[in-house]
Every structure is written in structure tokens, then in C-alpha cells.
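In: Sequence first, predicted coordinates after that:
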Amino acid sequence: MRRSRVPGFTLIELMIVVAVIAVLTMIALPSYTRYTFRARRAEGQELLLRVATAQERYYSTYNTYAGSVTSDLKFSTDTSANGYYQVSVASSGGSLASGYVLTATAKLSQAGDACKNLTLDSNGTKSQTGTTTNGRCW
């Protein structure tokens, strides 16, 4: 009697494929996570620049900077489009007539980004509260 061979994969072959996929995933997932942090950071940068532009328009009309993004600058919300950043306004030099500091606070999953919070002041100085281990923050 001759045994016919059934086509298919052995358990060993299947386990090797699973191991290779696991190794590739372990290598690719951290890179993908860092990439998504950098991509979402652009949302915070855009929000800060948009609010800074509105601040300059407000200053040209009232000779002082706005203290609130929603009530003074008439933004519908103080969060970014996808909710990853929330912007706040503080005075620089003691009063809003002398300048402002905008801070985009990282929210949701973006809070795990190495750059943390992004800041922009009335002089155009850009900074962050975290480190720059994940590329340039600005």
C-alpha cells in the first residue's frame, strides 16, 4: 500500500512563518508609532500658527492681545481638528499688551509624544517641554 501525501503545511512551517511575522512586527511597530506622533504634531503646530495669526489681527484692532481663544478670538473650540492638542493663552511680561505665550497641550494618545507640549510666543520663538528624541519638534 502506498500512502498518498496530502498537500498543505506542516505545523513547523506554520510556526516559522508566525515567528517571522512576530519579529517583523516588533521591528516595525515602534517606527510606526514614532511616525504617527510626528504626523500628529503637525496638527498642533498648525493650531498654534493659526491662533498666532488671529492674535496679531486682534492686536491690530484692540492694541492688546486676546486672553481667550474661544471668546476673544472667536474660535469655535480651543482644540485641534482631531483633538490631539488643546491651545491656551498666557501673557508674557505681565500683561497681554506686551505679548503672549501660546501653549498647545498634547491630549489623547499624543500625550505619549517625546516633544510633549508645543509653545509659541509673540516674538515667534518656538519651543517644547519635552525632548527632541523623535525628530525635530518644530
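Out: On my side now, so go ahead.
In: tell me the centre residue of the protein?
Out: Centroid-nearest residue in the chain: Arg41, 2.8 Å away (criterion: C-alpha atoms, centre = their mean).
In: which residues sit in contact with that one?
Out: Going by C-beta atoms under 8 Å, 6 or more residues apart in numbering, Arg41 touches Gln110, Asp113, Cys115, Leu118, Cys137. To be clear about C-beta, it is placed using only N, CA and C from the backbone, and glycine gets the same treatment.
In: all strands of the protein, in order?
Out: Shown for the chain, the strands assigned by DSSP state E span residues 85-91, 100-106, 118-121, 126-128.
In: Average pLDDT for stretch 71-90, rounded please.
Out: Regarding stretch 71-90, the rounded mean pLDDT is 93.
In: now do stretch 48-63
Out: For stretch 48-63, mean pLDDT is 94.
In: Let me see the ranges of the helices in the chain.
Out: 11-62 (DSSP state H).
In: For Phe9, find the nearest of the strands of the chain.
Out: Checking those against Phe9 by C-beta to C-beta gives strand 100-106 as the closest, at 45.6 Å.
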